[in-house]
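Student: Please work out how this folds:
(one chain, ligands or ions: 1)
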Amino acid sequence: MRRTRASRPGQEPKRSEADLASSDPAFVSRRRLLGGAATAALTLVGVGVAGCKKAPLVCDGLPGIAPADLQLRTTLEYKDTSLALDRLCVDCTLFVVAQAEDTCGTCKVVRGPINPKGTCKVFLRRQPGGPPT
Ligand code: SF4
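Tutor: Just a heads-up that it's a prediction; the model follows:
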């Protein structure tokens, strides 16, 4: 008679994972435990990345801007965000970069706060490699 490791006298017979799961309601397989841990880790990474995402800069708040300046802004069709990525204020020679990071800049023509990702009809491309003003 052939003897297997699990059938030696004094040893419990080897039981499959399915047998263990069906006989013990508290049984959690190693595979299932590791799968749950991996899912939890990925969820935490996702939450961490989402938490680091900055809110977009908005430079449309215009308290105290003179009506004439507001009119010029409208006439020149200033837009706070632009899909024309080749015409962004940040690349315009008239854009003045803000001193503080993540704040609105200004413009030598258009009054009021200017978003680096904005644009208007006057856009003048800064020379390649030229310093922002
Ligand atoms: S001129 Fe227009 S495109 Fe250039 S920085 Fe001023 S608002 Fe932006």
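Student: And the strands in this protein?
Tutor: Counting by DSSP state E, the chain has these strands, from start to end: 95-96, 106-107.
Student: Can you lay out those as a markdown table showing mean pLDDT, distance to the ligand and mean neighbour count?
Tutor: For the C-beta atoms, the positions are set from N, CA and C on the backbone; glycine is no exception. Output for these, formatted as a markdown table (pLDDT from 0 to 100; distance: least, Cβ to the nearest ligand atom, whole Å; neighbours: other Cβ atoms under 10 Å):
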| stretch | mean pLDDT | distance to the ligand | mean neighbour count |
| --- | --- | --- | --- |
| strand 95-96 | 97 | 4 | 20 |
| strand 106-107 | 96 | 3 | 20 |
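Student: closest one to residue 73 among those strands?
Tutor: Ranking these by their distance to residue 73 (criterion: Cβ to Cβ) puts strand 106-107 first, at 9.4 Å.
Student: Domains in this protein, by residue range?
Tutor: By the assignment in automatic domain parsing, the chain contains the domains 5-52, 56-133.
Student: Could you identify which of those has the lowest mean pLDDT?
Tutor: For these, the weakest mean pLDDT is recorded on domain 5-52, namely a mean of 58.
Student: Make CSV out of the strands of the chain and add distance to residue 127.
Tutor: Below are the strands of the chain laid out as CSV (distance: least, Cβ to Cβ, whole Å):
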stretch, distance to residue 127
strand 95-96, 13
strand 106-107, 18
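Student: who wins for proximity to residue 77 among these?
Tutor: strand 106-107 (13.2 Å).
Student: strand partners of the closest one, parallel vs antiparallel please.
Tutor: Within its sheet, strand 106-107 is paired with strand 95-96 (antiparallel), according to DSSP bridges.
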